[in-house]
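[1] please work out how this folds:
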Amino acid sequence: MELPDELYERITELSEQGNDLMDNEDPAGAIVPWSSALSLLPSPKEQWEAYTWLCASLGDAFFSLGKVAQSFDCFMDAMNGPDGQVNPFILYRAGQCCEALGSRKQALDLLIRAYALDGEDIFDADEEGETLLGLLRKNGLIPA
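    Numbers count the residues shown, from 1 in each chain. A predicted model of the protein is given here:
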């Protein structure tokens, strides 16, 4: 099922505005157009691909702002959208949030799933990646 063209174009426009703001290091500003785009999705919102990437984008913006609990909630929402459960970035960032929030068991579960899908690449793309890989190694989940 696809969104009507006019609605899809508006959501894409808002998403690009958010991307531009994020690229210009304004995550707080990016939240506004992404939230607006998310609110335009017809119910049930979780059925749309845009739901997955909009929630992940919001999660990334909140993470950049140090709002880890809000970030985690957004990434968990993203997992409820199409292909959210098999998106390495979503799993990685959700695991990173769990570790920051002190939920080690859940962090390891999410991080090993990200690793299974994308190997070390997803970890190499982030400054905390090596630390999180070390966590997986220390717990015997990947080879040392």
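
[2] and the helices in the chain, which stretches?
    Residue ranges of the helices in the chain, as given by DSSP state H, are 5-23, 27-40, 49-64, 68-79, 88-100, 104-118, 121-124, 129-138.

[3] closest to residue 144 out of the ones you listed?
    Nearest of these to residue 144, taken as Cβ to Cβ: helix 129-138 at 5.0 Å. C-beta here means a position set from N, CA and C on the backbone, and glycine is covered the same way.

[4] not counting sequence-adjacent ones, nearest residue to the most centrally placed residue in the chain?
    The chain has residue 56 as the residue nearest its centroid, 3.2 Å off, counting by Cα atoms, centre = their mean. Of all residues not flanking residue 56 in the chain, residue 78 sits nearest, at 4.3 Å (Cβ to Cβ, 6 or more residues apart in numbering).

[5] how many residues are close by that neighbour?
    Residues within reach of residue 78, counting by other Cβ atoms under 10 Å, total 28.
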